[in-house]
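Peer 1: please find the sequence and the predicted model below.
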Amino acid sequence: MGNTLGLGAGAGLGLGLCFGAAALMQAVGANAEHLNKGREAHANRVVTPQRQYNVHSAEDIDESSAERLYDAMRYAKANAMLIQVPVLGTAKKFWRLSDKATRISRKLALILSSQHKIGKYLTAPLQLSDVWIGNNGSVKLRGVSFTARGFSIERVRDDYKYLAKVLIELIKFSGGDINNLPPDYREFLLLIGRGTVTMRDELLIVNNVALLPMENRTEVFLMLHDRIVNYRGREDEAKRKRILSKLPYKKDWLDTARANARINEWVTFPKKGMNQGVENVREYRRTPFDLLRLNRNIRCHLHQHNNDDIEETLYCEWPELLMVMEKMLYLEGELVATDIQNKFG
């Protein structure tokens, strides 16, 4: 029986999101046949019982050993990976990844990253049939092995290319349409699937905000906001301006806010002492800074308008905002100084 590996419950990083589903599939799968042949040849050359490293017994026991595991295809058919949710305050609906899907995505990335850190890579292309998922959130690989022989950045890139293909297959098996992928998750798949990642990029891969549980996004936004506006604002104004200049929704974010009845409660509100029906409008300008200011004000006063579920609404209206905040901090060398790796639950 194959060994089981698992985890319990710069360069080439473009900012554009012009890729559709067809382009995504092309970027992820362009070299699949070539990689398969290369991997098979390499596996045939180096993988023998004498050459395997750190083989784990199938009988290894940890806190998740009693958890029932399901093959990924069976699990996906019973658990929707891509879900449609109402955008509160509007009549719109929005497709997003379920928290189960983002958790599985991150844990698979962590398994690969942990092996890459010790100079190892998969001896054969990752397949959906290698993935096993537990009810309580554990994700394991069965029947796979890693080797240090011939380790290089190209092997790391191959691992992530195949991870991208596996994640797309997982979504499809669950009944999801990749044309409906939210832009932050699509960008995550392009990051790992385009074949240009560096070892440094693994920080952004395993801590990608597209993989956050929905309930953790508020805390992460406030943390990254503080790093951009407050810390960088005091220490390096030029860097702060560069980050702000790259934020999305420059022209229409205020229109979006006013068009959403829930969000508009923070933009337009009754002033004390004024006649009923008379509104006082907060002074938000159409600037990236004020886009962050509105988002911060909402998240800092979640109970003011009895909107404890507003985080999902903010994500649905501005799904690229937190993604670009993180990416710019990463490109400016600031992400490593945050606590983001501890915000995934």
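Peer 2: Perfect, I can see it now.

Peer 1: which strand or helix spans residue 248?
Peer 2: Assigned by DSSP states H and E, residue 248 falls within no helix or strand.

Peer 1: wait, what's in contact with it?
Peer 2: 318, 320, 321, 324 (C-beta atoms under 8 Å, 6 or more residues apart in numbering). For every residue, glycine as well, the C-beta is placed using N, CA and C.

Peer 1: redo the residues you listed as TSV? Include pLDDT.
Peer 2: Listed next are these as TSV, based on pLDDT from 0 to 100:
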residue	pLDDT
318	98
320	98
321	98
324	98
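
Peer 1: could I get these as TSV with secondary structure and neighbour count?
Peer 2: As requested, the contacts of residue 248 are exported to TSV (DSSP: H, G, I helix; E, B strand; the rest coil; neighbours: other C-beta atoms under 10 Å):
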residue	secondary structure	neighbour count
318	coil	21
320	coil	19
321	helix	23
324	helix	21
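
Peer 1: for stretch 325-341, which outside residues touch it?
Peer 2: Around stretch 325-341, the neighbours that count as contacts under C-beta under 8 Å, 6+ apart are 10, 13, 15, 203-204, 206-209, 220-221, 223-225, 227-228, 232, 239, 242-243, 246-247.

Peer 1: and the lengthiest helix in the chain, C-alpha only, in CSV?
Peer 2: Using DSSP state H, we find that the single longest helix of the chain is helix 153-173. Extracted in CSV, the C-alpha atoms of helix 153-173 (Å, rounded to 0.1, in the frame of the first residue of the first chain):
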residue,chain,number,x,y,z
ILE,A,153,12.6,24.9,-9.4
GLU,A,154,11.2,23.2,-12.5
ARG,A,155,10.1,20.2,-10.4
VAL,A,156,8.5,22.6,-8.0
ARG,A,157,6.6,24.3,-10.8
ASP,A,158,5.5,20.9,-12.2
ASP,A,159,4.0,20.0,-8.7
TYR,A,160,2.0,23.2,-8.6
LYS,A,161,0.8,22.8,-12.3
TYR,A,162,-0.6,19.5,-11.4
LEU,A,163,-2.1,20.8,-8.2
ALA,A,164,-4.0,23.4,-10.3
LYS,A,165,-5.3,20.7,-12.6
VAL,A,166,-6.4,18.6,-9.6
LEU,A,167,-8.3,21.5,-8.1
ILE,A,168,-10.1,22.2,-11.3
GLU,A,169,-11.1,18.6,-11.6
LEU,A,170,-12.3,18.6,-8.0
ILE,A,171,-14.6,21.6,-8.7
LYS,A,172,-15.9,20.0,-11.8
PHE,A,173,-16.6,16.7,-10.0
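
Peer 1: buried stuff in it?
Peer 2: The neighbour-count check on helix 153-173 (16 or more other C-beta atoms under 10 Å) flags 155-171, 173 as buried.

Peer 1: ranges for the strands of the stretch 101-250 of the chain?
Peer 2: Under the criterion DSSP state E, counting those that start in this stretch, the stretch 101-250 of the chain contains strands at 121-122, 131-134, 139-142, 146-147.

Peer 1: in JSON lines: these, plus mean neighbour count and mean pLDDT.
Peer 2: Output for the strands of the stretch 101-250 of the chain, formatted as JSON lines (neighbours: other C-beta atoms under 10 Å; pLDDT from 0 to 100):
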{"stretch": "strand 121-122", "mean neighbour count": "24", "mean pLDDT": "98"}
{"stretch": "strand 131-134", "mean neighbour count": "23", "mean pLDDT": "96"}
{"stretch": "strand 139-142", "mean neighbour count": "21", "mean pLDDT": "96"}
{"stretch": "strand 146-147", "mean neighbour count": "23", "mean pLDDT": "98"}
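
Peer 1: and of those strands, who's closest to residue 22?
Peer 2: strand 131-134 (25.2 Å; C-beta to C-beta).

Peer 1: check which helices and strands that closest one is in contact with.
Peer 2: Where contact means 3 or more C-beta pairs under 8 Å, 6 or more residues apart in numbering; DSSP states H and E, strand 131-134 is packed against strand 69-71, helix 72-78, helix 99-117, strand 139-142.

Peer 1: at 7 Å instead, please
Peer 2: strand 69-71, helix 72-78, strand 139-142 (3 or more C-beta pairs under 7 Å, 6 or more residues apart in numbering; DSSP states H and E).

Peer 1: of the ones you listed, which is nearest residue 252?
Peer 2: helix 72-78 (35.7 Å).

Peer 1: who's in contact with the closest one?
Peer 2: The contact list for helix 72-78 (C-beta atoms under 7 Å, 6 or more residues apart in numbering) reads 128, 131, 132, 133, 170, 173, 174.

Peer 1: which strand residues bridge the second one?
Peer 2: Going by DSSP bridges, residue 131 is paired in beta bridges with residue 141.

Peer 1: OK, contacts around it?
Peer 2: Taking C-beta under 7 Å, 6+ apart, one finds 72, 108, 139, 141, 166 in contact with residue 131.

Peer 1: all set now, cheers.
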